[in-house]
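Visitor: next come a sequence and a model predicted from it.
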Amino acid sequence: MERFFTLIKLALRNLGRQKRRTFISVGAVGFGLAIALFFLTLGDGIYAKLMEDAVRTNGGNFSFEHPDYRDAPAIDLFVSDVDTKREQIANLPEVETTKLLVLGQGVIKTAHGATAVGIAGIEPDIEKQYSTVAEKITDGAYLEDADKNAIVIGHLLAKRLKVKIGKKVVLSTNNQHGMLAEELFRVKGIFKLGADEADGYLVQIPIKQARAIFDLDQNSATQLGVLLKDADDLDKVLKKSQAFTTNRATLRTWEETLPDLSNYIRTDRGSNQVFQGIMIIICLFTIFNTILMSALERTHEFSVQLALGTPLYMLKIQLVLEAFFLGFFGALFGFLVGGGLAWWVQVHGFDLRLIYEFEGELEVSGFVFDTIMRAKISKEVVIVLCGGVWLSTILMSLVPIQRLKNIPIAKVLR
């Protein structure tokens, strides 16, 4: 044990003999790690926020749907006995709430024209708490459970139809039996999500009116959406929820119900990880160069030690310890700088408008991108990055170690 502590002192002393090179190596690795840690956690925060807003506005973290609905969406492909399933799901401790949606297509008409729309029958009291549509009402008010023949529409749709708050519109569609159905509504609210697809196509009505116009009973819906308290519990809750599926109700994750958004997140996260990985690898070459140069410059020193009877394994341990401390200080520096910056952005947020000038909102796959960015620090990312850099530094010391046994002691001393 005494020999081991002596080797630790020697390793630290050898690093101190070349302070400039040591500081440059530690700084390079720490800087690369800090950048990678910051941008990976920032990306995770953006993806989590984008996913959270999307699932709360749409069908939840996962939903119950008719097995054939994704292949050919139609109003007659609905889930029955939703009240029973809702009660079963709501009892799970990981579930925050459930929501029912009746979805269909139709035509909205006014005296100034007609256009195709996507119809969403929603539960107003639940949507007001979780959906971004309720937060984005720019004129009028959002729906209430007691409303009859009230409708909210996007600002682009209102502009196209030249309607204002309180004006009448006619909603035409086909019910589940294929029969034409029309209903008169008054515009109660106008929203602006910032995505042209939603602002120019989506309309929302109370679920009671949606069921009536599509001729569905009060215990049926197109989707039974489930919102979780923590999105990381998705896989665990899905396993529990398999028991509630039937031949007319299958489980769909948000990746399946929102494929465009899922593909964007998967692609962008992959490219971000590759880029940051390349940066860390480049910075690790600085550490490798430091360890290699340290071994080459001390050939005479090692020859003298070996000639005096120092065991070869002790010299190897000494080089490993030097790499150990270089990796440790580099990882610590990167964690403090990158983790500290990520924590600040996670708590306070950072507005993209401070850097870029643009009008309107940022849109990703039909969903509005929040310009206030927040990082999401997870212990998995921190452990993998910092631990990976530390371990890689130690492993790189194995290359110069192999040169020790080939030192021509007599020739060097002569």
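Guide: All right, it came through fine.

Visitor: low-confidence bits of this protein, can you list those?
Guide: Within the chain, the set of residues satisfying pLDDT under 70 comprises 1, 294-303, 305-306, 308-310, 352-370, 402-414.

Visitor: so where does the residue positioned nearest the centre of it fall, helix or strand?
Guide: Among the residues of the chain, the one closest to the centroid is Y47, at 2.8 Å (C-alpha atoms, centre = their mean). Assigned by DSSP states H and E, Y47 belongs to helix 19-57.

Visitor: got the buried residues for that helix?
Guide: Using 16 or more other C-beta atoms under 10 Å as the test for burial, helix 19-57 gives 22, 25-57. C-beta: built from backbone N, CA, C; applies to glycine.

Visitor: how far is it from where the chain is centred?
Guide: In terms of C-alpha atoms, centre = their mean, to the nearest Å, the centre of helix 19-57 is set 13 Å apart from its chain centre.

Visitor: quick one: the strands in the stretch 151-300 of the chain, in order.
Guide: Secondary structure of the stretch 151-300 of the chain (DSSP state E, counting those that start in this stretch): strands at 168-174, 180-191, 202-206, 220-221, 223-228, 250-253.

Visitor: now tabulate these in JSON lines and tack on mean neighbour count.
Guide: Shown next, in JSON lines, are the strands of the stretch 151-300 of the chain (neighbours: other C-beta atoms under 10 Å):
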{"stretch": "strand 168-174", "mean neighbour count": "18"}
{"stretch": "strand 180-191", "mean neighbour count": "18"}
{"stretch": "strand 202-206", "mean neighbour count": "23"}
{"stretch": "strand 220-221", "mean neighbour count": "24"}
{"stretch": "strand 223-228", "mean neighbour count": "24"}
{"stretch": "strand 250-253", "mean neighbour count": "18"}
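
Visitor: which of the ones you listed sits closest to L284?
Guide: L284 sits nearest to strand 250-253 of all the strands of the stretch 151-300 of the chain, at 36.9 Å, using C-beta to C-beta.

Visitor: circling back to that earlier point, could you check the angle the helix holding Y47 makes with strand 223-228?
Guide: Interaxial angle, helix 19-57 versus strand 223-228 (axes from the mean of the first three to the mean of the last three C-alpha atoms, to 10 degrees): 140 degrees.

Visitor: what's the angle between helix 19-57 and strand 202-206?
Guide: Using the same axes, to 10 degrees, helix 19-57 lies at 50 degrees relative to strand 202-206.

Visitor: what is the burial count for I287?
Guide: Number of residues near I287 (other C-beta atoms under 10 Å) recorded here: 22.

Visitor: mind listing what it touches?
Guide: Shown in contact with I287 (C-beta atoms under 8 Å, 6 or more residues apart in numbering): 25, 28-29, 323, 326-327, 330, 393, 396.

Visitor: go again using 7 Å as the cut-off
Guide: Going by C-beta atoms under 7 Å, 6 or more residues apart in numbering, I287 touches 25, 29, 326, 330, 393, 396.

Visitor: tell me how far I287 lies from R160.
Guide: Distance from I287 to R160, counting by C-beta to C-beta, to the nearest Å: 61 Å.

Visitor: list the contacts of G189.
Guide: Applying C-beta under 7 Å, 6+ apart to G189 gives the contacts 137, 139-142, 152.

Visitor: any idea what it is bridged to?
Guide: Beta-bridge pairing for G189 (DSSP bridges): G140, V152.

Visitor: so how far is stretch 141-150 off the chain centroid?
Guide: Taking C-alpha atoms, centre = their mean, one finds the center of stretch 141-150 at 34 Å from the center of the full chain.

Visitor: ends of it, what's the gap?
Guide: 10 Å (C-alpha to C-alpha, to the nearest Å).

Visitor: which parts of that stretch are buried?
Guide: In terms of neighbour count (16+ other C-beta under 10 Å), stretch 141-150 has its buried residues at 142-143, 147, 150.

Visitor: ranges for the strands of the stretch 1-150 of the chain?
Guide: 62-65, 79-80, 95-110, 113-122, 137-140, 150-154.

Visitor: reformat those strands as JSON lines; add distance to K188.
Guide: Converted to JSON lines, those look like this (distance: least, C-beta to C-beta, whole Å):
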{"stretch": "strand 62-65", "distance to K188": "26"}
{"stretch": "strand 79-80", "distance to K188": "28"}
{"stretch": "strand 95-110", "distance to K188": "14"}
{"stretch": "strand 113-122", "distance to K188": "13"}
{"stretch": "strand 137-140", "distance to K188": "5"}
{"stretch": "strand 150-154", "distance to K188": "4"}
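
Visitor: residues touching T253, list them.
Guide: Residues near T253 by C-beta under 7 Å, 6+ apart: 62, 234.

Visitor: try 8 Å
Guide: Applying C-beta under 8 Å, 6+ apart, we find T253 in contact with 61-62, 234, 238.

Visitor: which of those are buried?
Guide: Those of the contacts of T253 that meet the buried threshold are 61-62, 234, by 16+ other C-beta under 10 Å.

Visitor: tell me the one of the buried residues of stretch 141-150 nearest I278?
Guide: Of the buried residues of stretch 141-150, the one sitting nearest to I278 (C-beta to C-beta) turns out to be Y142, at 47.3 Å.

Visitor: many thanks, we can stop here.
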